[in-house]
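Chemist: give the three-dimensional model of this entry:
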Amino acid sequence: MRNLTWWARRKGITVLGTGDFTHPAWAQELRETLEPAEPGLFKLRDDIDAEVLRKLPPTLHGQVRFMLEVEISTIYKRDDRTRKVHHLCYVPSFEAADRFTAALAKIGNLGSDGRPILGLDSRDLLEITLESGEGSYLVPAHVWTPWFAVLGSKSGFDAVADCYADLADEVFAVETGLSSDPTMNWRVSGLDSYTLVSNSDAHSPPILGRNATVFDTELSYFALRDALRDGTGYVGTVDMFPEEGKYFLDGHRKCDVRMEPTETKKHKLLCPSCGKPLTVGVLHRIEELADRGPGKRPKNAGEMWSIIPLPEIMGEILKVGPKSKAVNNAVTELVTALGPELPMLMELPLDELKQARNPMVHEAIARLRAGQVHCDPGFDGEYGTI
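Modeler: Numbering: from 1, shown residues only. From the prediction side, this is the model:
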């Protein structure tokens, strides 16, 4: 938790999901290091948090809160087809987490992975979530990912409601995933009734904040839940450019074949090199289900910010990898002077960016905000580059 808190402050994230609360070892870590804060939220114990703050400059001393959250993978048969769907489950208390965990422990092994894989229907997982406690809710994860998502091309459904059957009305938000952004999702009118959220993976703290959801509410688990359910206080999402996602286009990685949807259809979904089925990407799948063209903006749509993570920008400027020591040093210098990464990318006045020693930082972020980027799209498990 120390590491997650440190990185959340560096990125400029106020509320972070804990991840993995059903795993016995991590559940113990959460109980030992967290204490109650605002309703339904937790913070690092004061004595531990003091250690974290000593390792950060004053510009990065923002508050950080945690929501109890876990990703669950369900694999099951429905309508003579194997379904593989990932879900994000949120609960407001350790008591609710214990009830949720106890119910799932009867179904599968929760100690083998932080994201347990269970032979459980999605509808039944939703029921277990709702019964764990007042305020608990479920969000379908990365809904377009081909292999493990509610709308995925390989094992999903054609509508979110079909997945959750008689409890479908209890689902009010969906996660767009790395390979789609809101403008792509707006093409499917069946998603208009859901609030779009975007998240990064807390298993890799250095890439926190490459995707995020923006709220304007009081600091409370229930206020955030209500914003997703009713729209009040929901602002929008921060997203990587979807082309950077590893399932944006269709393709076959082993043969280095990458295709636009129209080309894939001409080849009857088969790889022209080896003849095996192509992995149908997110763009293709959205076009299959789209019932309106680009440019339509639903009434409940939020704002959208497209970003390139600051380490990737610095890597391009310095002509080295984003995980290199040189990039880490350069980013550390920037955030020490100017504050956390996300506000720097999204809202810091450009004039203030001129304080950076490298003038290319100002130029790069100005181009980013103007959408002046070059995209080399990802496919079949290979990330794209922006």
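Chemist: which helix or strand contains residue 366?
Modeler: Element membership of residue 366, judged by DSSP states H and E, is helix 359-369.
Chemist: show me which strand runs longest in the chain.
Modeler: Criterion DSSP state E: the longest strand present in the chain is strand 65-78.
Chemist: next, the buried residues of that strand.
Modeler: By 16 or more other CB atoms under 10 Å, the buried positions in strand 65-78 come out as 65-74, 76, 78. Any C-beta I mention is one placed from the backbone N, CA and C, and that applies to glycine too.
Chemist: tell me the one among the residues you listed nearest to residue 255.
Modeler: Nearest to residue 255 among those, counting by CB to CB, is residue 73 at 28.0 Å.
Chemist: now the closest one: closest residue in space, sequence neighbours ignored.
Modeler: Leaving aside its chain neighbours, residue 73 sits nearest to residue 117 (4.5 Å; criterion: CB to CB, 6 or more residues apart in numbering).
Chemist: one more: residue 374?
Modeler: Nearest residue to residue 374 in three dimensions, chain neighbours excluded: residue 386, at 7.1 Å (CB to CB, 6+ apart).
Chemist: surely that neighbour is in contact with residue 377?
Modeler: No: if you go by CB atoms under 8 Å, residue 386 and residue 377 don't touch, sitting 9.5 Å apart.
Chemist: who touches both of these two?
Modeler: 243-244 (CB atoms under 8 Å, 6 or more residues apart in numbering).
Chemist: comparing the two, which residue is more hemmed in?
Modeler: residue 377 (24 against 21; other CB atoms under 10 Å).
Chemist: re earlier: tell me which other helices or strands the longest strand of the chain touches.
Modeler: Where contact means 3 or more CB pairs under 8 Å, 6 or more residues apart in numbering; DSSP states H and E, strand 65-78 is packed against strand 15-17, strand 42-44, strand 81-91, helix 94-105, strand 117-118, helix 122-131.
Chemist: so it versus helix 94-105, what angle?
Modeler: If you take axes from the mean of the first three to the mean of the last three CA atoms, to 10 degrees, strand 65-78 sits at 20 degrees to helix 94-105.
Chemist: residue boundaries of the helices in the stretch 101-250 of the chain?
Modeler: 122-131, 160-164, 182-185, 221-230 (DSSP state H, counting those that start in this stretch).
Chemist: what residues does the shortest one touch?
Modeler: Yep, that's helix 182-185 we're talking about. So helix 182-185 is in contact with 174, 176, 191, 196, 236-237, 239, 242, 282-283, 286, 294, 301-302, 304, going by CB under 8 Å, 6+ apart.
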